[in-house]
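Asks: structure for this input, please:
(one chain, ligands or ions: 1)
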Amino acid sequence: MKKFLAFFGLIVILCGLGAYHVLANQTREVNMSDKKILIAYYSHSGNTKAVAEKIKNTTGGDLFEITPKTPYPNDYNTVVNLAKEEKQQDKRPELADNGSVDGYDIVFVGTPVWWYTMAGPVKTFLTVHNFDGKTIVPFCTHGGGGASYTYSDMQKLAPGAKVLEGYTSYERTASDADVENWIKSLNL
Ligand SMILES: Cc1cc2nc3c(=O)[nH]c(=O)nc-3n(C[C@H](O)[C@H](O)[C@H](O)COP(=O)(O)O)c2cc1C
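Replies: Okay, here's the model as predicted:
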């Protein structure tokens, strides 16, 4: 009988923990679904795109790929030189489609690090839209130098936005768990 009671007690505790876990997760989803989320990103070779897709899987937000009207060349050295020139001249390359941030409360903005900051098309995206009162959640991928000035430059281009803590990852190393934990830590 004692054994049975101990077993029964264990089952009750496990059920309680399970129910708590389900309720806690439900609350998080409800909180996130209150807000309209956009995930806008530019990616030249796919690394930043991979992070953007993980963010979409976690938040259920809408995905928008920032696409320059004139695509960048694939050759690494050519694009590196072109991007250097664009940075020196502080260029804002025209986009194929500006998209829209209207109606979105939270805009994730993703970019590869190009010459210590965001790529040109992301500068354009931030410049053509009004981010006043919106929350920007930045993320970037890099080739070893870290985020550098990427996030502080984003704040400069969208001065009316609240820019949250970004997620920075090296090339294609971002894991689902890392992205999920970062998003949870933001308490959106
Ligand atoms: C034009 C250009 C400039 C870059 N500048 C930097 C840099 O300043 N710091 C850095 O760590 N990586 C730099 N990288 C590496 C990229 O940030 C890195 O490969 C990134 O993950 C590429 O993302 P994507 O695949 O989404 O385009 C540069 C790459 C390119 C093509």
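
Asks: domain parsing for this structure?
Replies: What the record gives for the chain is the domain set 1-34, 35-186, from automatic domain parsing.

Asks: relative to the ligand, which of those domains is closest?
Replies: Of all the domains of the chain, the one in closest proximity to the ligand, counting by CB to the nearest ligand atom, is domain 35-186 (3.0 Å). (Glycine included, C-beta is placed from N, CA and C.)

Asks: let me know the average pLDDT across that closest one.
Replies: Across domain 35-186, the average pLDDT comes to 98.

Asks: what's the end-to-end length of it?
Replies: Start to finish, the residues bounding domain 35-186 are 13 Å apart (CA to CA, to the nearest Å).

Asks: now do that domain: distance to the chain's middle.
Replies: Its chain's C-alpha centre lies 7 Å from the corresponding centre of domain 35-186 when counted by CA atoms, centre = their mean, to the nearest Å.

Asks: re the thing from before, out of the domains of the chain, deepest packed?
Replies: Among the domains of the chain, judged by mean count of other CB atoms under 10 Å, the one packed with the most neighbours on average is domain 35-186 (a mean of 17).

Asks: please see if it touches the ligand.
Replies: Yes: residues of domain 35-186 contacting the ligand under CB under 6 Å from any ligand atom: 43-49, 79-80, 83, 112-116, 141-145, 171.

Asks: just these: which are in strands?
Replies: Counting by DSSP state E, those place Pro112, Val113, Trp114, Thr141, His142 in strands.

Asks: is the residue nearest to the second one when sequence neighbours are not counted bridged to anything, and to what?
Replies: Spatial nearest neighbour of Val113, excluding adjacent residues (CB to CB, 6 or more residues apart in numbering): His142 at 4.0 Å. Per DSSP bridges, the residues bridged to His142 are Tyr170.

Asks: which residues of the chain fall in strands?
Replies: Listed in chain order, the strands found in the chain under DSSP E are 37-41, 62-65, 106-114, 117-118, 135-142, 162-163, 167-170.

Asks: between those, which one is nearest to Ser185?
Replies: The closest approach between Ser185 and any of these, judged by CB to CB, belongs to strand 167-170 at 9.7 Å.

Asks: what's in contact with that closest one?
Replies: 47, 51, 138-144, 146-147, 174, 178-179, 182 (CB atoms under 8 Å, 6 or more residues apart in numbering).

Asks: kindly recompute the last result at 6 Å.
Replies: Contacting residues not belonging to strand 167-170 are listed as Phe139, Cys140, Thr141, Ala147, Trp182 [CB atoms under 6 Å, 6 or more residues apart in numbering].
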